[in-house]
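# Sequence and predicted model, in that order:
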Amino acid sequence: MAQVRITTAWSGDPAAALIALHAWRSAPSIERFHAAHPGRPLAIVLTGTDLYRDLPREAGALQALRRASHLVVLQAKALQSLPPLAAHVRVIEPSARRLVRQDQARRHFDFVAVGHLRDEKDPQVLMDAARLLPETLANGLPPRVLHVGAALQPHWQRAAEIAQRELPHYHWLGAVPHHTARRWMARARALVHMSRMEGGAHVVIEAIRSLVPVLASRIDGNVGLLGSAYEGYFPPGDAQALARLMQRFAAEPAFARTLAAQCALREPRFAPAVEQAAVRALGRDLLTSSIS
């Protein structure tokens, strides 16, 4: 069995193959490995910032891709964003353990968003949508918008604190342990995922594995995971559309059941055994191939 070492950068130690996460951030290691071992296989796992930000503008990221013998993306929609390359590209969808959906709050109708507050995640659209929600939803319950995640810049902390003071529906929970975030998600009626840029958000996969419906921005990273026919999308950055979608989800049980059923159909593909098999197949291919 091959030995696997996980490091933040390739140190020059002997290696039969290299798997790098993030083309631009790993570019120095990729260049050093390619210079030292030009005939050895090198795989790059591409992130959302690679695909939707760095590749179009960072020469180092594109150069790193040219060094790769294998490329990995995290959802099928990402294939459309890759420049023409000779390297073999495959999709390996991330996985999450199943967490059974838990009892939901009876006095509130809870929506939860999970993700650190930073520009790519567009936390402002969630705050603005919360401002547009009525005091009581059509089902007779008051909405509660629970926002889990640390503020990664001071201005997002200020925005969340102001929203929490001014909006009765909005509750910023800050940074919590991963298992606590998953429990909040499992108790919610729906996950709200409002990102402007994603390679394939793990929190969406965790929601699907708990059969929690997702209200998601229509971006490639979400569509690649949820499918083009999924009915729970809103235009990215559109707070009014998100607020309308949240209200429809609460008012129309049949719509909520449709989203839950669509998530349930996708759920088996994100089981850990599926991802493990795909990663093992990548490893076998790397160890039996070489670059000309």
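Perfect, thanks for sending it. Because the structure is a prediction, the values reported are computed rather than measured.
# residues contacting the nearest residue in space to residue 200 that is not next to it in sequence?
Leaving aside its sequence neighbours, residue 200 sits nearest to residue 74 (CB to CB, 6 or more residues apart in numbering; 3.3 Å). Just so you know, the C-beta spots here come from the backbone N, C-alpha and C atoms, and that holds for glycine as well. Applying CB atoms under 8 Å, 6 or more residues apart in numbering to residue 74 gives the contacts 45-47, 91-94, 199-200, 221, 224.
# Buried ones only from those, please, as a ChimeraX command.
Written as a ChimeraX command, the selection of buried residues from these, which uses 16 or more other CB atoms under 10 Å, is:
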select :45,46,47,92,93,94,199,200,221,224
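# Give me the subset of the contacts of residue 74 that lies in helices.
Per DSSP state H, helices hold the following members of the contacts of residue 74: 221, 224.
# All the strands of the stretch 151-292 of the chain, in order from the start?
170-174, 190-193, 214-217, 233-234 (DSSP state E, counting those that start in this stretch).
# Pick the most deeply packed of the ones you listed.
Scoring the strands of the stretch 151-292 of the chain by mean neighbour count under mean count of other CB atoms under 10 Å gives strand 190-193 as the most buried, with a mean of 27.
# pLDDT of that strand, averaged?
Averaged across strand 190-193, pLDDT comes to 98.
# Now residue 30: phi and psi?
When quoted as degrees, to the nearest 10, the phi and psi of residue 30 stand at phi -60, psi -40.
# what helix or strand is the residue nearest to residue 250 when sequence neighbours are not counted on?
Nearest non-adjacent residue to residue 250, counting by CB to CB, 6+ apart: residue 137, 4.2 Å away. Assigned by DSSP states H and E, residue 137 falls within no helix or strand.
# Hmm, residue 137 is touching residue 109, no?
Yes: counting by CB atoms under 8 Å, residue 137 does reach residue 109; the two are 5.6 Å apart.
# Can you get me a residue count around residue 152?
Neighbours of residue 152 under the rule other CB atoms under 10 Å: 15.
# what's the neighbour count on residue 235?
Using other CB under 10 Å, residue 235 has 12 neighbouring residues.
# Now do the same for the nearest residue to residue 67 once chain neighbours are set aside: helix, strand or coil?
In this structure, residue 67 finds its nearest non-sequential neighbour in residue 34, 4.4 Å apart by CB to CB, 6+ apart. With DSSP: H, G, I helix; E, B strand; the rest coil as the basis, residue 34 sits in helix.
# quick one: the residue nearest to residue 77 when sequence neighbours are not counted from residue 249, how far?
Nearest in space to residue 77, with sequence neighbours left out and distances taken as CB to CB, 6+ apart, is residue 224 at 3.3 Å. Distance of residue 224 to residue 249, given as CB to CB, to the nearest Å: 22 Å.
# picking up where we left off before, in contact with the residue nearest to residue 250, which residues?
Residue 137 sits next to 109, 143, 247, 250-251 when contact means CB under 8 Å, 6+ apart.
# so how many other residues sit close to residue 89?
Residue 89 has 15 neighbours, counted by other CB under 10 Å.
# which element follows the helix or strand harbouring it toward the C-terminus?
In this assignment (DSSP H and E), residue 89 forms part of strand 88-91. Helices and strands here follow DSSP H and E; after strand 88-91, the next one along the chain is strand 109-114.
# Can you pull out the residues in contact with the next helix or strand after that following strand?
For strand 109-114, the following helix or strand on the C-terminal side (DSSP H and E) is helix 123-132. Applying CB under 8 Å, 6+ apart, the external contacts of helix 123-132 come out as 113, 115, 117, 143, 145, 147, 149, 156, 159-160, 163, 166-167, 169-170, 192, 194, 236-240, 242-243, 246.
# Partner strands of the helix or strand that comes right after helix 123-132, with direction?
Of the helices and strands lying after helix 123-132 in sequence (DSSP H and E), the nearest is strand 143-148. Counting by DSSP bridges, the strands paired with strand 143-148 are strand 109-114 (parallel), strand 170-174 (parallel).
# count of residues packed around residue 81?
By the measure other CB under 10 Å, the count of residues near residue 81 is 17.
# Now do the contacts for it.
With contact set as CB under 8 Å, 6+ apart, residue 81 has these partners: 51-52, 55, 220.
# Spatially, which two of these are the most separated?
Within the contacts of residue 81, 55 and 220 form the most distant pair, 13.1 Å apart (CB to CB).
# Thank you kindly, that will do.
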